[in-house]
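Undergrad: starting from these lines, generate the structure:
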Amino acid sequence: MPRWKALPDELDPQVREFATQLRRLVDRSGLSVAALSDRTGYSKTSWERYLGGRLLAPKGAIVALAEVTGTNPVHLTTMWELAERAWSRSEQRHDMTMEAIRIAQARAALGEFGAPPATSASAAGSGSGAKAPRRAGSAVAAPGIAGPAGVSPTIPPQPTAPDANRREGTGSRGPAAPRGGPAAAGSGRRRLTMFLAGAVGVVVVIAAVFFLTGNDSGGKKNQGGTASAAPSTGAGTSLPAGVKCAGAGCTGKDAEAMGCSGDLVTTAKTATVGATTLEVRYSRACGAAWGRITGAARGDSVRVTAGTTTERGDITATGDTIAYTPMVAVKDATEAKACATLASGRTGCTT
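TA: All right, here's what the predicted structure looks like:
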């Protein structure tokens, strides 16, 4: 009897119950995981994930398990449907959490760009402080003015003041007044104005980037309709580890080779054509879907369609029971439709 590892603590109770029932069926059958893989056509690694609670088994795998263990498939698929709803809810909660993290990071980034204008107060102070030498240049010195060239103690001396004093050979306020006069004050104000304008420009550019990448129509206006990444992944967001494509970049490519299968895939739609199970497989991380048939035979084929794009997969070797198509880019799983054509001539499609 297999010695199962403890199921993950974070599993939804309905998913946990379903995984426990699968373990009991396997235990009663006396099959090892390797033998279960041979009998059902699903890999040993996949069954380890299904039975370990790390991945929800697709409906095709459940029907195959019921067949090899002599279990009523109706009761088992009923429990699977409940588990699938719970699994989908968990995925939605995870997506919302990741979205909240991205929003927090964006706000933090905008906050960092907003910090420099606060330091401009010192620049503003310097600009306004430049007026002190101008007042000091009047007939009566302003109260509180002291230091070289009549500069206020609270305002750092202008870099040119010591040079001016040395050139003029005196610390009197008379020669320093032209240095700290209207020209210096105007220069300080211009520097402050340019600094503030630059800071505001940076904030506007960042806001525009977030607006354009977060809005479909805005992105099309900005990029001329280029769609290099699936909407679900978000523009500018790095792909999960091992994933090699997203959106349109996945069309026509193998899901397993591109890292879009495994833990990242769910069964979006399913149908039965004779004894064959037909599925639409969907990867949210890759923004792509593909068709798959299990329990099939040589000569059977499957195709998946999304918009005007169609991909096809065939079973050509004797003994093979599984075939799947290359991927097609989709915004969500509802855009994809899978159809099967059996060697017997029987056909069927997902709804």
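Undergrad: pLDDT score for T160?
TA: T160 is assigned 50 on the pLDDT scale.
Undergrad: could I get the contacting residues of A297?
TA: Taking CB atoms under 8 Å, 6 or more residues apart in numbering as the contact definition, A297 lies against 315, 321, 342-343. Quick note: C-beta positions are derived from backbone N, CA and C, even for glycine.
Undergrad: how about low-confidence regions in the stretch 151-300 of the chain?
TA: The model of the stretch 151-300 of the chain has pLDDT under 70 over residues 151-190, 202, 204-205, 207-237, 262-263.
Undergrad: let's see which of the contacts of A297 end up in helices.
TA: Using DSSP state H, no member of the contacts of A297 sits in helices.
Undergrad: narrow those residues to those that are buried.
TA: 315, 321, 342 (16 or more other CB atoms under 10 Å).
Undergrad: okay, those residues in TSV with distance to A296 and pLDDT next?
TA: Output for the buried ones among the contacts of A297, formatted as TSV (distance: CB to CB, whole Å; pLDDT from 0 to 100):
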residue	distance to A296	pLDDT
I315	5	86
T321	6	81
L342	7	92
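Undergrad: going by distance to P73, which of these wins?
TA: Nearest to P73 among the buried ones among the contacts of A297 is T321, at 16.9 Å by CB to CB.
Undergrad: hang on, the earlier thing: nearest to A66 among the buried ones among the contacts of A297?
TA: T321 (15.7 Å).
Undergrad: how close does the closest residue to that closest one other than its chain neighbours get to G299?
TA: Excluding its sequence neighbours, the residue lying closest to T321 (CB to CB, 6 or more residues apart in numbering) is G41, at 4.2 Å. Separation of G41 from G299 (CB to CB, to the nearest Å) stands at 16 Å.
Undergrad: the more surrounded of those two?
TA: Applying other CB atoms under 10 Å to G41 and G299 shows that G41 carries more neighbours, namely 16 against 13.
Undergrad: how's the chain carved up into domains?
TA: Split into domains by automatic domain parsing, the chain comes to 1-101, 116-211, 238-351.
Undergrad: now the first one: mean pLDDT?
TA: The reference is to domain 1-101. On average, domain 1-101 scores 85.
Undergrad: okay, strands next: where are they in the stretch 251-351 of the chain?
TA: With DSSP state E, counting those that start in this stretch as the criterion, the stretch 251-351 of the chain has strands at 265-273, 276-283, 288-294, 301-306, 309-314, 323-324, 328-329, 337-341, 347-349.
Undergrad: so which of those is the most surrounded?
TA: strand 288-294 (a mean of 29; mean count of other CB atoms under 10 Å).
Undergrad: how far off strand 301-306 does it point, in degrees?
TA: Calculated by axes from the mean of the first three to the mean of the last three CA atoms, to 10 degrees, strand 288-294 forms an angle of 160 degrees with strand 301-306.
Undergrad: quick one, strand 288-294 and strand 337-341 angle?
TA: Angle between the axes of strand 288-294 and strand 337-341 is 30 degrees (criterion: the same axes, to 10 degrees).
Undergrad: neighbouring strands - and their directions - for strand 288-294?
TA: With DSSP bridges as the test, strand 288-294 is paired with strand 276-283 (antiparallel), strand 323-324 (antiparallel), strand 328-329 (antiparallel).
Undergrad: kindly reformat the ones you listed as TSV containing distance to A66.
TA: Shown next, in TSV, are the strands paired with strand 288-294 (distance: least, CB to CB, whole Å):
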stretch	distance to A66
strand 276-283	11
strand 323-324	21
strand 328-329	30
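Undergrad: so which of these gets nearest R292?
TA: Comparing the strands paired with strand 288-294 against R292 with CB to CB, the closest turns out to be strand 323-324 (4.0 Å).
Undergrad: show me what that closest one is in contact with.
TA: For strand 323-324, using CB under 8 Å, 6+ apart, the contacting residues are 255, 281, 290-293, 296, 300-302, 313-315.
Undergrad: those: which two are farthest apart?
TA: Spatial extent of the contacts of strand 323-324 (CB to CB) is set by the pair A255 and D300 at 18.9 Å.
Undergrad: show me where this structure has helices.
TA: 13-29, 33-40, 44-51, 59-69, 73-114, 116-129, 131-136, 160-168, 173-179, 182-213, 216-223.
Undergrad: ok, residues contacting the first one?
TA: The contact list for helix 13-29 (CB under 8 Å, 6+ apart) reads 1-2, 4, 7, 11, 33, 36, 50-53, 56-57, 65, 68-71, 76, 79-80, 82-83, 85-87, 90.
Undergrad: how about G313, what does it touch?
TA: Contacts of G313 by CB under 8 Å, 6+ apart are 291-293, 301-303, 323-326.
Undergrad: could I get those residues as CSV with distance to A271?
TA: CSV is the format used below for those (distance: CB to CB, whole Å):
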residue, distance to A271
G291, 11
R292, 11
I293, 10
S301, 15
V302, 11
R303, 13
A323, 15
Y324, 15
T325, 15
P326, 20
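Undergrad: out of those residues, flag the one nearest to A338.
TA: The closest of the contacts of G313 to A338 turns out to be G291 (CB to CB; 3.5 Å).
Undergrad: beta partners for the closest one?
TA: V280.
Undergrad: right, and it touches E279 too?
TA: Yes. Here G291 reaches E279: they are 7.1 Å apart, a contact under CB atoms under 8 Å.
Undergrad: which residue is the nearest non-sequential neighbour of G348?
TA: Excluding its sequence neighbours, the residue lying closest to G348 (CB to CB, 6+ apart) is V273, at 3.5 Å.
Undergrad: quick check, that neighbour in contact with A340.
TA: Yes. Counting by CB under 8 Å, V273 does reach A340; the two are 4.6 Å apart.
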